[in-house]
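A.B. asks: okay, structure incoming, though there's no sequence with it:
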């Protein structure tokens, strides 16, 4: 999809700058790809890390950030981008310096709450549940992501380990996270989750397709292997082709553990019923996120009873991309 109002004379030079962690980089890639659906771009991926002792400092107080990077980091040097998209702590000091280094050429977008004054950037796109506000702040529900109907269809056709479309329906994608700041999945809770999902399979005659996260503890993994895997048509840990986008593509329902904003947002982008599975610990701000999904009809808590409903896919990444291009175009015209 192209938007006639956002057509630059040449492809926009877009950088995404992160520390390379999959979940962080996926957010920046998702926004860049959504921009590319509206205007031609040339995309460059930069992976950076701040070296010690500078990494001990708050992100907004790293001096000479271009020189504070580890030797393995990608270089931050001209030619400067038209649009800089940063995500994660390591990108923040670089984003804060980009407008000065580029003499105002680079339009700087920072994802998540940078925990510094939003005026240091052109646009800040935090999760709505963080509560950040400001004239140049665009809160979104959840996080930017790469999920589109076209990408899911392609993932299904390219996944060769099994013919997922021939699995008995209804098909259930199960996205299992793990330890975060306030949440975790204990061995006991993993066993309880396994039993409740196995019951869904027995009652419906459908197919379970589960993926574990890098954050899933070994204790929880053992329980899922013992009690959930025998009931699954697909059970993925870390080996082989990752079926994650493919199982989202063929699923009729999606189960997501409550610890993950990224996975729940990606699930909601499909327009399929999202069932939130409780985990151990305190939800804190995540409770507001789940309420936002519920108000939009995307998700409901899973209490052991399978429900079916429909809603328009949550397309917050597209909304963010349109806003970024509008703001970029306005600044370009003003200059």
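C.D. replies: Received the coordinates, thanks. Just so we're clear, the structure is a prediction, and the values are computed from it rather than from any experiment.

A.B. asks: can you say which helix or strand has the residue nearest the centre of the chain in it?
C.D. replies: With distances taken as C-alpha atoms, centre = their mean, residue 262 lies nearest the centre of the chain, 3.8 Å away. Per DSSP states H and E: residue 262 is located in helix 261-268.

A.B. asks: ok, residues contacting that helix?
C.D. replies: For helix 261-268, the surrounding residues in contact (C-beta atoms under 8 Å, 6 or more residues apart in numbering) are 23, 26-27, 127, 141-143, 145-147, 173, 175, 177, 213, 248, 254, 256-258, 274, 276, 286, 289-290, 293, 296, 298-299, 313-314, 316. Quick note: C-beta positions are derived from backbone N, CA and C, even for glycine.

A.B. asks: do that again at 6 Å, thanks
C.D. replies: By C-beta atoms under 6 Å, 6 or more residues apart in numbering, the surrounding residues in contact with helix 261-268 are 23, 142-143, 145, 147, 175, 254, 256, 274, 289, 293, 298, 314.

A.B. asks: quick check, pLDDT for the residue nearest to the centre of the chain.
C.D. replies: With respect to pLDDT, residue 262 has a value of 94.

A.B. asks: repeat that for residue 238.
C.D. replies: Residue 238 is assigned a predicted lDDT (pLDDT) of 81.

A.B. asks: gap between the nearest residue to residue 59 once chain neighbours are set aside and residue 81?
C.D. replies: Nearest in space to residue 59, with sequence neighbours left out and distances taken as C-beta to C-beta, 6 or more residues apart in numbering, is residue 92 at 3.9 Å. In this view, residue 92 and residue 81 are 16 Å apart by C-beta to C-beta, to the nearest Å.

A.B. asks: what does residue 98 give?
C.D. replies: According to C-beta to C-beta, residue 98 and residue 81 sit 8 Å apart.

A.B. asks: give me the more crowded residue out of the two.
C.D. replies: Neighbour comparison, residue 98 and residue 81: the larger count goes to residue 98, with 27 against 24 (by other C-beta atoms under 10 Å).

A.B. asks: is it correct that the more buried one falls within a helix?
C.D. replies: Yes - under DSSP: H, G, I helix; E, B strand; the rest coil, residue 98 sits within a helix.

A.B. asks: let's number from 8 now, not from 1
C.D. replies: Happy to do that; since the first residue is 8 now, the last one works out to residue 105.

A.B. asks: list the residues that contact it.
C.D. replies: For residue 105, the contacting residues are 91, 113, 115, by C-beta under 6 Å, 6+ apart.

A.B. asks: go ahead and confirm the second one touches residue 87.
C.D. replies: Yes - in this structure, residue 113 is within contact of residue 87 by C-beta atoms under 6 Å, at 5.0 Å.

A.B. asks: intersection of neighbour lists for these two?
C.D. replies: In the contact map built from C-beta under 6 Å, 6+ apart, no residue is linked to both residue 113 and residue 87.

A.B. asks: for residue 34, helix, strand, or coil?
C.D. replies: helix.

A.B. asks: need phi/psi at residue 132.
C.D. replies: Dihedral angles of residue 132 (phi, psi; degrees, to the nearest 10) stand at phi -120, psi 90.

A.B. asks: outline the domain layout of this structure.
C.D. replies: Taking automatic domain parsing as the reference, the chain has its domains at 11-148+323-341, 156-308.

A.B. asks: neighbour count: residue 113 and residue 87, which is higher?
C.D. replies: Taking other C-beta under 10 Å, residue 113 and residue 87 do not tie; residue 113 has more neighbours (21 against 17).

A.B. asks: gap between that one and residue 195?
C.D. replies: Residue 113 is 50 Å from residue 195, by C-beta to C-beta.

A.B. asks: any idea of the pLDDT on the closest residue to residue 242 other than its chain neighbours?
C.D. replies: Of all residues not flanking residue 242 in the chain, residue 236 sits nearest, at 4.3 Å (C-beta to C-beta, 6+ apart). Listed pLDDT for residue 236 reads 97.

A.B. asks: I'd say residue 236 and residue 230 touch.
C.D. replies: No - with contact defined as C-beta under 6 Å, residue 236 does not count as touching residue 230 (10.0 Å).

A.B. asks: thank you kindly, that will do.
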